[in-house]
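Q: Any chance you can model this:
(2 chains)
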There are 2 protein chains.
Amino acid sequence: MHEVLAVVLRIREGRAGALLWQRALDPDAGRWALPGGTLGPDEDVETSVRRQLAEKVDVREVAHVEQLSVFSDPARVSGKRRIATAFLGLVPSDADPELPEDTAWHEVEDLPATAFDHAAIVAAARDRLRAKLSYTNLGFALAPAEFTISALREHYVAALGHEVSATNLQRVLTRRGLLEPTGEVVPSGRSGGRPAAVFRFTDRGMRVTDAFAVLRPPARPGGPRDGVLP
Amino acid sequence: MHEVLAVVLRIREGRAGALLWQRALDPDAGRWALPGGTLGPDEDVETSVRRQLAEKVDVREVAHVEQLSVFSDPARVSGKRRIATAFLGLVPSDADPELPEDTAWHEVEDLPATAFDHAAIVAAARDRLRAKLSYTNLGFALAPAEFTISALREHYVAALGHEVSATNLQRVLTRRGLLEPTGEVVPSGRSGGRPAAVFRFTDRGMRVTDAFAVLRPPARPGGPRDGVLP
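A: Alright, predicted model coming up:
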């Protein structure tokens, strides 16, 4: 039996949250589980995960979805063997999708009792996100459409689990051509501080941001933006 | 039913080759297929792919293996449904493993008649390799242990499918700390040319080479080398 599972992550109030639902029935009744379920006979895993996610959350709110990994330890669930294709999904922090009664966001670093091997799958998704933030523009799928650098920094700190300086974050993302100013400013949160510039991501589809320019294919009209050697 | 498949790639004489075996029996008798087979009841997909690869090639020659993707189109094979977890494997160009009679290297860009959806899986593996060459040190798994820049360039050109200048390749890999000179030189291939310096990769395990330093976790003793901002 094949199942699909989705780890949907969102940053809120400086914490990374995962979307989980509480199982009403055994096995593992009362424990919290990832959205997903059995692959249908007429669908591939991508179609299936979107169908099954839609039972828990408005999938239009999910800004990015990618295959994470296959989890296939023979002992991962008791009873009949289930092999899982897990996906990583990201929801921007300003989206607040309606959730069914059995479903809630839980802090990734403070999960409640989880079903099966789902805690390990959440950890794998967190690690994938951390890695990709460092060589892609994937922050676009966590941040709201427009943000100050200070607000963006909070998203990166929460996702990465360690401190990041706002100055360095702005410098590295700007140098790679990932950010652009909207031209707006907002009042500084600190009394007497200068107004803060508002930015947005230049792209809202994932791309590797820091590919060695010399190793990339020649630019095609309409193709992805060229990498630029620093 | 779940199966595992391996796309094992190797660069030779300026071409990327994939390891394929010719099916003796129907379905698709006579066509060329990827190594692999049905997942056993007591193994996970990683264990299974290594077991099944070992039937075709000395797996000690495979320098890198990673999960590629799940292929789950309901129509991908006729008859009973099979969901495949595909892996990418890389063999250095100076390895020349013994192969069984039914098995051979075939040029990725000039495949013979392939079984099922295996041509699409080979193409996905080629694309993954191309992408990863541009933000990781994965060249180590294609190149011999020691090489001139000119020889390394041939590997990159073959894997990427487009021209790369030796000067730029050396510059970008050196700047990222991926290459180090062995101290040896070899006679230039061109008459009258200067002797060419010999290099090796500094690491022989995969790492993201160009992660934004500010987004990486603080260095740990014994941990991976810090990224360095240019």
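Q: Look up how far residue B:164 lies from the most far-flung residue of chain A relative to its centre.
A: For chain A, the residue at maximal distance from the C-alpha centroid (Cα atoms, centre = their mean) is residue A:192, at 35.0 Å. Applying Cβ to Cβ, to the nearest Å, the value for residue A:192 to residue B:164 is 53 Å. The way it works is simple: take the backbone N, C-alpha and C, and place the C-beta from them, glycine included.
Q: cool, and residue A:147?
A: From residue A:147 across to residue B:164, the span is 37 Å (Cβ to Cβ).
Q: neighbour count winner among the two?
A: residue A:147 (24 against 21; other Cβ atoms under 10 Å in any protein chain shown).
Q: partner residues bridging the more buried one?
A: Residues in a beta bridge with residue A:147, per DSSP bridges, are residue A:199.
Q: That one contacts residue A:201, doesn't it?
A: No. Between residue A:147 and residue A:201 there is no contact under Cβ atoms under 8 Å: 9.1 Å.
Q: so residue A:62 sits right up against residue A:90, yeah?
A: Yes. Residue A:62 is in contact with residue A:90 according to Cβ under 8 Å; the separation is 6.9 Å.
Q: and for these two, which residues touch both?
A: Residues touching both residue A:62 and residue A:90 by Cβ atoms under 8 Å, 6 or more residues apart in numbering or on different chains: residue A:8.
Q: for residue A:32, what are its contacts?
A: Here residue A:32 is in contact with A:20, A:21, A:22, A:23, A:106, A:111, A:112, A:113, A:114, A:115, A:118 (criterion: Cβ under 8 Å, 6+ apart).
Q: can you give me the helices in chain A?
A: A:45-53, A:118-133, A:149-160, A:166-175 (DSSP state H).
Q: Out of the ones you listed, which is closest to residue B:100?
A: Ranking the helices of chain A by proximity to residue B:100 (Cβ to Cβ) places helix A:45-53 first, at 32.2 Å.
Q: Point out the other helices and strands that the closest one packs with.
A: strand A:2-12, strand A:36-38, strand A:64-71, strand A:83-91 (3 or more Cβ pairs under 8 Å, 6 or more residues apart in numbering or on different chains; DSSP states H and E).
Q: To residue B:68, which of those lies closest?
A: Checked against Cβ to Cβ, the stretch from these lying closest is strand A:64-71, at 9.5 Å.
Q: Give me the neighbour count for residue A:24.
A: The burial count for residue A:24: 8, using other Cβ under 10 Å.
Q: How about it, nearest residue that isn't a chain neighbour?
A: residue A:102 (6.9 Å; Cβ to Cβ, 6 or more residues apart in numbering or on different chains).
Q: what about the one you found, how many neighbours?
A: 13.
Q: For burial, what's the neighbour tally of residue A:79?
A: By other Cβ under 10 Å, the residues close to residue A:79 number 7.
Q: can you check the one 3 residues further on too?
A: Summarising burial for residue A:82: neighbours were counted as other Cβ under 10 Å, giving 16.
Q: How about the contacts made by it?
A: Counting by Cβ under 8 Å, 6+ apart, residue A:82 has contacts A:1, A:2, A:3, A:76.
Q: Any of these buried? List them.
A: Buried residues within the contacts of residue A:82, counting neighbours by 16 or more other Cβ atoms under 10 Å in any protein chain shown: A:2, A:3, A:76.
Q: Closest to the centroid, which residue in chain A?
A: residue A:90 (2.9 Å).
Q: How about that residue: what's its closest non-neighbour residue?
A: Using Cβ to Cβ, 6+ apart, the nearest residue to residue A:90 is residue A:141, at 3.8 Å.
Q: Let's have the helices and strands packed on helix A:45-53 in a markdown table, adding mean pLDDT.
A: Formatted as a markdown table, the helices and strands packed on helix A:45-53 follow (pLDDT from 0 to 100):
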| stretch | mean pLDDT |
| --- | --- |
| strand A:2-12 | 97 |
| strand A:36-38 | 97 |
| strand A:64-71 | 96 |
| strand A:83-91 | 97 |
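Q: Identify the residues contacting residue A:111.
A: Counting by Cβ under 8 Å, 6+ apart, residue A:111 has contacts A:18, A:20, A:32, A:119, A:122.
Q: Just among the residues you listed, which is most surrounded?
A: If you rank those by neighbour count (other Cβ under 10 Å), residue A:18 sits at the top with 27 neighbours.
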